[in-house]
Every structure is written in structure tokens, then in C-alpha cells.
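Enquirer: Starting from these lines, generate the structure:
(one chain, ligands or ions: 2)
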Amino acid sequence: MPLNRKQAMTTAEVLSEAVPYIQRFAGKTIVIKYGGNAMTDDNLKNSFARDIVMMKLIGLNPVVVHGGGPQIGDLLEQLKIESHFINGMRVTDSKTMDVVEMVLGGMVNKEIVGLINSNGGKAIGLTGKDGHLLEARKLRVKHKRPEMEAPEIIDIGHVGEVEKVNKSVLRMLEDSDFIPVIAPIGVGPDGASYNINADLVAGKVAETLQAEKLILLTNIAGLLDKEGNVLTGLSTEQVDGLIEDGTIHGGMLPKIGCALSAVKSGVVSAHIIDGRVEHSCLLEIFTDEGVGTLITNNTL
Ligand SMILES: Nc1ncnc2c1ncn2[C@@H]1O[C@H](COP(=O)(O)OP(=O)(O)O)[C@@H](O)[C@H]1O
Ligand SMILES: CC(=O)N[C@@H](CCC(=O)OP(=O)(O)O)C(=O)O
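Expert: Ligands and ions are numbered 1, 2, ... in the order given. Predicted coordinates:
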């Protein structure tokens, strides 16, 4: 259907508003973390894929890191394998690790690659095992049980943290017209697989590539206070306070942690935005109104 004059003007204004951002971000790396909770309906998935294709076409270098927590949960449930989380991390025994690798490296990764490709892009799917992209070590989690005074270090199985991102493969793809799509599975020195929280992987990839932006797409409007207002521009002390009083908990803990660490290590800005809003990535990058929670080094 042809646009009426008002709609056409709005579209033209939006396109024209994007020009300075296109110029500013040309050649820059943008790391986008696509959370499993934001992969809901087909419209949203296709709008995400088109945003990524458009970024590449106009000269940005998008690097996608995906999650898939709910998708792992669904298969574990079908297989009647129990699962639980400590500090936002899935406790991962050997059987669970097999499922994680299957779902992230197989199902979810290939679905996103397929979506980007069917929207006109050229995506390449990788796990951290490909080209030793994500070298990992076992993560030891500090956990405080209510009945104990001091936190204890606990073993949560095959859960890792990124020791090193081998960026050569990513640079090679960036220099061509390929778009890397990374599943958060790391490889240990002995070749073992590690389940790594996707936010942590995205943060480390952004740090290593010295990205312009780290965008964390999730299923909520941003970091919220207890009344449900979106918080932005916080200091580290304020963030610590919000963790201490329980305002930031569960899946938001690794998100905030990696966003703070990324901007301290040279990433220009980190954004926690609502992946349930169509084209939220493009709105964040190419329009004057930011969406969600912005974290920059100025706020630290
Ligand atoms: N202060 C907070 N503000 C917003 N969300 C929060 C906060 N504390 C905890 N959360 C939870 O974190 C969730 C996002 O993390 P997660 O479920 O791991 O998403 P994703 O799959 O996108 O990584 C939110 O849906 C919300 O339930
Ligand atoms: C250690 C750990 O918790 N790993 C995550 C990996 C997937 C992920 O992070 O997915 P989302 O981004 O969709 O939450 C998990 O097993 O669920």
C-alpha cells in the first residue's frame, strides 16, 4: 500500500535523522547479544535479522552473540533433566552440557544464521570451538547462602568464563561481507566444552574487538528500579547498591557485570534494550532517542 504524505514524511525524516549516525559508525564494530528471551515470534526474529543485514550493508561491522537459555530449558524439560541457576548461571553437569551444546551450537545458531541469510545477509555460524575462538576456563562462583555469613566459592560444573577471544577469525569475517554469529560455548586447554553465559561472551568479544557499542537485547525495557522505572547513567557505586539490595538479580546480574566491564575496557557504550520491540537495534543506533539503559565510562 502506498504511504500517505504524513507517513512518507515520517519515513523520510527517520532516514534523514540516520545520516550522521551512519557516517559516525561506518567501519565500526557493533556487538549485539541476542538473548534467548528476545527470540519469540517470527516477526521479531525477522526484524532482528533485517536490522543486522542493514547494518552490514551500510558499512558497520555487526557481530552477533546469541543466547538460548529458554530453548535449552525446553529441551532439558522434554528430556526430564532438572536444571537450576545460581547467580544467573545454569548449573551444568555432563548430561546438561551435551544438551547445551546441541541447542546452542546446533539449533539456535543455525536458526539465526538462516534468518540472516534469508533476509539477504551472509552469516557464518561459529561456536567458541571453531578456530579456538573462545578459550575458556572453569568459572568458580561466589555464592552467599542466607544461613552463612561469608560467601563461599562453589563448583557449578561445566560452566566457563572467557580467558581469551582469538579475534583473527572475526577480523577476517569483518573485512569481508560475512557476519559472524557466535554461540557461547568455550573450549578448555584439554578440548573440553564449557557453557558460558552469553552476556559474558558478548562483553569479552566487544572488549577484544574494542567495539563502538555492545548492545544487549533482552526481554525487558532495560535495567529497572523497584518501581519499574528504566534506570540509565548509573555510577558503579549505585550499581553495587542495587545488587546489594536485590534490585538487580538473576539474569540481570551477568548483563550489568559485562556491560560495566566492557566500558571500563574501552568499549564506547553498552546498552541494555528491549528485544521485544521490533527494530529496537536500529532505533538505538540510528535515531536521536536512545532506548533502554545506557552505560558509558562517563557514568563510572
Ligand atoms: N533490576 C532489574 N531490571 C530488569 N530486569 C531484571 C532486574 N533484575 C532481574 N531482572 C531479570 O533479568 C531478566 C533478563 O535476563 P535473562 O532472563 O537472562 O534474559 P536474556 O535471555 O535476554 O539474557 C529480566 O527478564 C528480569 O526478569
Ligand atoms: C552458564 C549459563 O547460564 N549459560 C547459559 C547459556 C545461554 C544463555 O546465556 O542464554 P540467554 O542469553 O538466552 O540467557 C545457559 O545455559 O542458559
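Enquirer: Not counting its neighbours along the chain, what's nearest the closest residue to ligand 2 within the stretch 101-250 of the chain?
Expert: Nearest residue of the stretch 101-250 of the chain to ligand 2: Ala198, at 3.5 Å (C-beta to the nearest ligand atom). Where C-beta positions appear, they are placed from N, C-alpha and C, glycine not excepted. Once flanking residues are discounted, Ala198 sits nearest to Gly67: 3.7 Å by C-beta to C-beta, 6 or more residues apart in numbering.
Enquirer: Kindly report the same for Gly266.
Expert: In space, Gly266 is closest to Gln210, 5.1 Å off (C-beta to C-beta, 6+ apart).
Enquirer: if I pick that neighbour, what's in contact with it?
Expert: By C-beta atoms under 8 Å, 6 or more residues apart in numbering, the contact set of Gln210 is 29, 266-267.
Enquirer: For the longest strand anywhere in the chain, buried residues please.
Expert: Under DSSP state E, the strand in the chain containing the largest number of residues is strand 152-165. By 16 or more other C-beta atoms under 10 Å, the buried positions in strand 152-165 come out as 156-162, 165.
Enquirer: do the same with stretch 121-139
Expert: Neighbour counts over stretch 121-139 (16+ other C-beta under 10 Å) mark 121, 123-130, 133-136, 139 as buried.
Enquirer: ok, the spatially most central residue of the chain - contacts?
Expert: The centre of the chain sits closest to Lys33, judged by C-alpha atoms, centre = their mean, with a distance of 1.9 Å. Counting by C-beta under 8 Å, 6+ apart, Lys33 touches 65-67, 198-199, 201-202, 214-217.
Enquirer: Point out the ones among those that are inside helices.
Expert: 198-199, 201-202 (DSSP state H).
Enquirer: how about the strands in the stretch 51-200 of the chain?
Expert: 61-66, 85-86, 89-90, 123-127, 134-143, 152-165, 179-183, 185-187, 193-195 (DSSP state E, counting those that start in this stretch).
Enquirer: and the angle for the fifth one with strand 61-66?
Expert: Angular relation of strand 134-143 and strand 61-66 on a 0 to 180 degree scale: 50 degrees, by axes from the mean of the first three to the mean of the last three C-alpha atoms, to 10 degrees.
Enquirer: centre of the chain versus strand 134-143, how much separation?
Expert: Computed by C-alpha atoms, centre = their mean, to the nearest Å, the chain-centroid distance of strand 134-143 equals 18 Å.
Enquirer: Please name the nearest non-neighbouring residue to Glu82.
Expert: Computed as C-beta to C-beta, 6+ apart, the closest residue to Glu82 that is not its neighbour in sequence is Leu76, at 7.6 Å.
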